[in-house]
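> here's a sequence, model it:
(chains A and B)
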Amino acid sequence: MNFVVIMKQLFDGMSASVMIFALTLLFSMPLGLVVAFGRMSKWAPLGFLAKEDGKNGFLRLTIATFRPIQFIVKIIIAILRGTPLMLQLLVVFYGPFYLFGVQLPRSYRLIAVLLGFSINYAAYFAEIYRAGIESIPVGQYEAAFVLGYNKSQTFRKIILPQMVKRILPPVTNEVITLVKDTSLAFVLAYAEMFTVAKQIAAAKTSIMPLFVAGVFYFIFNFVVAFVMERIEKALSYYR
Amino acid sequence: MKVLEINHCNKKFGDNEVLKDISLSVSEGQVVSIIGPSGSGKSTLLRCATLLETMDGGDLVYMGEYAAKADAEGKAVYGDKEALKGIKQHFGLVFQNFNLFPHYSVIRNITEPPILIGKRPKEAVYAEARELLKKMGLADKENAYPHQLSGGQQQRVSIARALAMKPKILFFDEPTSALDPELTGEILKVIKDLAAEHMTMVIVTHEMAFARDVSNHVIFMDGGVIVEEGDPMEIINRPQQERTKAFLSRFRQ
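Numbering: from 1, shown residues only, chains lettered A, B, ... in the order given. Next comes the predicted model:
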């Protein structure tokens, strides 16, 4: 294995890492919005049980204010944030076989990586979106309401654009973490940057491939931070 | 023609009765001021009239169309979504804190609602918006963003935004309470100009001299009821009720 071959393998690993990164963002960012809506759902199907005079006992009040969608989404978010991403990746990959005896093709490896990452990051993005949406002053909703905007128009035209601006700093944090987290695909032996670098390092008994990997992640994040800063600047025309 | 009619409006927040059997009617071209101490229910009344709050009991009628109609027990029954959408076209509201859309330029704040909601042609809406800005003395600010404007300028934009929807009646919820005395003057002048053009308006305000000078009818509210109402000169210069006298005593010195 000469230098050129090693660099070629590392380069393939880089492309795989970039692909995991890009596809995870592509899937998790919209999915996060869906999860955020679930988390903010106020649907209480048993609300009719509440007495109109407001004199409800503890049990009646608990049942009447039970919000099933919000409750389920809360539990899902708690699990996704409360357990290691590495463990979640293993469950997504091996779960179908160990739990249901389903044999999946080789190509499932990449699908499992993307599923695991997208679902996990969607949970984090959902909470960031929720914080952004809930930070918009109620006066914005009231102004839109009186002018005749319906709920969907109010969200798309008034709330969403302002939310995007407010959540950029925490989203940047998540995106930078994701760059480094792509290395967790290692546990599923998916050939991304870190997996490749470690294999070559072991074969060649050299630290250099790991060093190259480190430089790669650093430069990647440098670019990410730069791009996010440009986006923040582009949105700084209003306060 | 009655532009607005509220009959026997009741509103409770939990056990707290905020509005007790309030009735009020506003004819075309009339300017009504509502005065009273904080917590008297005047802002809640305005929020009920603009559908931001729902009344528990009573009627709410715009131009003869019912937004809410009392049933046999007096409970307010609201119209469906479509009906309320139509009714919202009749009124506009100017908020204490302006509530302009910060991510839109001044001109877009004014033009988007008529184009998007009113489905009016773009060119005509823009021409009218520029006309309104000129009237507000903000002709050179159409491309500015709200944060670049003073409070008085922001409030004038928000008045223009409400007027661009061509409402039959315009509500003001303490339009000058967030402004310093100098900027307050700007806004009061704009409202006076509108009154001179016979715009129908309901104004909740703490500016007594203004209420006296601009309105045809003054309502004094306290504790969720209308204590006294009538001719502005009479109410503000010679109130009959003890409660009104006490409230106005500081002003009348």
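
> buried stuff in the longest helix anywhere in chain A?
Taking DSSP state H as the criterion, chain A has its longest helix at helix A:3-39. Across helix A:3-39, burial judged by 16 or more other Cβ atoms under 10 Å in any protein chain shown covers A:6, A:9-10, A:13-14, A:16-18, A:20-21, A:24-25, A:27-29, A:31-33, A:35-39. C-betas here are computed from N, CA, C, even on glycine.

> stretch B:187-198 now?
B:187-188, B:190-191, B:194-195.

> and the gap between the closest residue in space to A:Val35 that isn't next to it in sequence and A:Gly139?
Once flanking residues are discounted, A:Val35 sits nearest to A:Ala126: 3.6 Å by Cβ to Cβ, 6 or more residues apart in numbering or on different chains. According to Cβ to Cβ, to the nearest Å, A:Ala126 stands 25 Å off from A:Gly139.

> between the two, who's got more neighbours?
A:Ala126 (26 against 14; other Cβ atoms under 10 Å in any protein chain shown).

> remind me which residues of the stretch 51-200 of chain B are low pLDDT?
For the stretch 51-200 of chain B, applying pLDDT under 70 flags no range at all.

> within range of chain A, give me the residues from it.
B:51-52, B:85, B:88-89, B:91-93, B:95, B:97, B:99-103, B:112-113, B:116-118, B:145-147, B:161, B:165 (Cβ under 8 Å from any Cβ of the partner chain).

> out of the residues you listed, list just those in strands.
B:91-93 (DSSP state E).

> and those residues, which is closest to A:Phe186?
The closest of those to A:Phe186 turns out to be B:Leu93 (Cβ to Cβ; 58.2 Å).

> from memory the closest one sits against A:Val146, does it?
Yes - checked against Cβ atoms under 8 Å, the pair B:Leu93 and A:Val146 is within contact range at 4.6 Å.

> alpha carbons of the helix or strand of chain A with the lowest mean pLDDT, in PDB - could you do that?
The weakest-scoring helix or strand in chain A, judged by mean pLDDT, DSSP states H and E, is helix A:58-64 (a mean of 87). Extracted C-alpha coordinates of helix A:58-64, given in PDB (Å, rounded to 0.1, in the frame of the first residue of the first chain):
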ATOM      1  CA  PHE A  58     -57.500  16.200  40.500                       C
ATOM      2  CA  LEU A  59     -58.300  13.000  38.600                       C
ATOM      3  CA  ARG A  60     -60.800  14.600  36.300                       C
ATOM      4  CA  LEU A  61     -58.400  17.400  35.600                       C
ATOM      5  CA  THR A  62     -55.600  15.000  34.800                       C
ATOM      6  CA  ILE A  63     -57.700  13.000  32.400                       C
ATOM      7  CA  ALA A  64     -59.300  16.000  30.800                       C
END
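
> chain center to that helix: distance?
Counting by Cα atoms, centre = their mean, to the nearest Å, helix A:58-64 is centred 34 Å from the centre of its parent chain.

> residues in contact with it: which ones?
A:44, A:46-51, A:56 (Cβ atoms under 8 Å, 6 or more residues apart in numbering or on different chains).

> one more pass at 6 Å, please.
A:46-47, A:49-50 (Cβ atoms under 6 Å, 6 or more residues apart in numbering or on different chains).

> quick check: which element contains the residue nearest the centre of chain A?
For chain A, the residue nearest the mean C-alpha position is A:Tyr121 (1.9 Å; Cα atoms, centre = their mean). A:Tyr121 is part of helix A:108-134, with elements assigned from DSSP states H and E.

> before we move on, what about B:Val3?
Per DSSP H and E: strand B:2-13 holds B:Val3.

> and if you look at B:Leu170?
Short version: B:Leu170 belongs to strand B:169-173, going by DSSP H and E.

> for the helix or strand that comes right after that strand, the distance to its chain's centre please.
Sequence-wise, the next helix or strand downstream of strand B:169-173 (DSSP H and E) is helix B:181-196. Relative to the centre of its chain, helix B:181-196 is centred 14 Å away, using Cα atoms, centre = their mean.

> what's the answer for stretch B:60-80, then?
20 Å.

> buried residues, it. List them.
B:60-63, B:66-68, B:70, B:76, B:78-79.

> who's in contact with stretch B:211-227?
B:17-20, B:30-36, B:40-42, B:192, B:195, B:205, B:228-229, B:232, B:235-236, B:241, B:243-244.

> low-confidence stretches in chain A?
Looking at chain A by pLDDT under 70, you get A:1, A:52-54.
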